[in-house]
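>>> Take this sequence and fold it.
(one chain, ligands or ions: 1)
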Amino acid sequence: MSNQPLNILFLNGPNLQLLGMREPGIYGTETLATIERRCQKVARDLGVVLECRQSNHEGVLVDWIDEMPGKFDGLVINPGAYTHTSVALRDAVAAIRLPVVEVHISNIFQREDYRHHSYLSEVAWAVLAGMGSEGYEWGLRALVRKLQQSTSEE
Ligand code: CA2
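Numbers count the residues shown, from 1 in each chain. You can find the predicted model right below:
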């Protein structure tokens, strides 16, 4: 078993920088900075390293995912609206062969029909939707537990 801490990438897609500033009825009142701070604390408590990034640009998100092997052990991602449109993000997630947790703040299945399909869900290890911003924390905890279990089996 390696002594190196697990490295987790935490990605948010388009418009999620607006969290807490608009549409509180759907996405709550917490800002992305507050969510990231809370998850950083959870990561510290779990003894893992968390790197948080946000981009509005599909290609930037694809590049970050493509660069993961050798640097990161797993991914927590809210792909925002690209969830429902991006074959490129799906291909990137499928190619890295690392566990990925897809998080949605809202329950996408209770919303408009065009939000019911996710290109990522078929290639993600797990999907959380509808738990509000706490979904990020539960997603992170579940991912770390899975990675620790697979490392202890090596
Ligand atoms: O529920 C989620 O987390 C979503 O991934 C959020 C996306 C939406 O397109 C997905 O269908 C579900 C939208 C993110 C935009 O975030 C905003 C936050 C505050 C104000 C406006 C947009």
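
>>> and residue 76, how many neighbours?
Residues within reach of residue 76, counting by other C-beta atoms under 10 Å, total 28. Every residue, glycine included, has its C-beta placed from N, CA and C.

>>> Ok, the one 3 residues further on next?
The number of residues packed near residue 79 is 27, by other C-beta under 10 Å.

>>> need the contact list for it.
11, 13, 61, 86, 89, 102, 120 (C-beta atoms under 8 Å, 6 or more residues apart in numbering).

>>> try it again with 10 Å
By C-beta atoms under 10 Å, 6 or more residues apart in numbering, the residues touching residue 79 are 11-14, 16, 58, 61, 65, 85-86, 89-90, 93, 102-104, 118-120, 124.

>>> same thing with residue 7?
Counting by C-beta under 10 Å, 6+ apart, the residues that residue 7 touches are 43, 48, 49, 50, 51, 68, 70, 71, 72, 73, 74, 147.

>>> now, which of those residues lie within helices?
Counted as lying in helices by DSSP state H, out of the contacts of residue 7, are 43, 147.

>>> Any quick ChimeraX command for the buried ones out of the contacts of residue 7?
Only the buried entries of the contacts of residue 7 go into this ChimeraX selection, using 16 or more other C-beta atoms under 10 Å:
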select :43,48,50,68,72,73,74,147
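
>>> hmm, which two among the contacts of residue 7 are most spread apart?
Spatial extent of these (C-beta to C-beta) is set by the pair 43 and 70 at 19.7 Å.

>>> Can you show me the strands along this structure?
Using DSSP state E, the strands assigned to the chain run over residues 7-12, 49-54, 74-78, 100-104, 126-129.

>>> Packing partners of the second one?
Meaning strand 49-54. For strand 49-54, the elements it packs on are strand 7-12, helix 32-46, helix 58-66, strand 74-78, helix 134-152, judged by 3 or more C-beta pairs under 10 Å, 6 or more residues apart in numbering; DSSP states H and E.

>>> tell me how far the fourth one is from the chain's mean position?
What separates the centre of strand 74-78 from the centre of its chain is 3 Å, taken as C-alpha atoms, centre = their mean, to the nearest Å.

>>> Report whether it contacts the ligand.
Yes. Against the ligand, strand 74-78 shows contacts by C-beta under 6 Å from any ligand atom at residue 78.

>>> got the CA coordinates for that strand in CSV?
Below are the C-alpha coordinates for strand 74-78, written out as CSV (Å, rounded to 0.1, in the frame of the first residue of the first chain):
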residue,chain,number,x,y,z
GLY,A,74,-10.5,10.2,-8.8
LEU,A,75,-12.9,12.9,-9.8
VAL,A,76,-16.0,14.7,-8.3
ILE,A,77,-17.7,16.6,-11.1
ASN,A,78,-20.8,18.7,-11.6
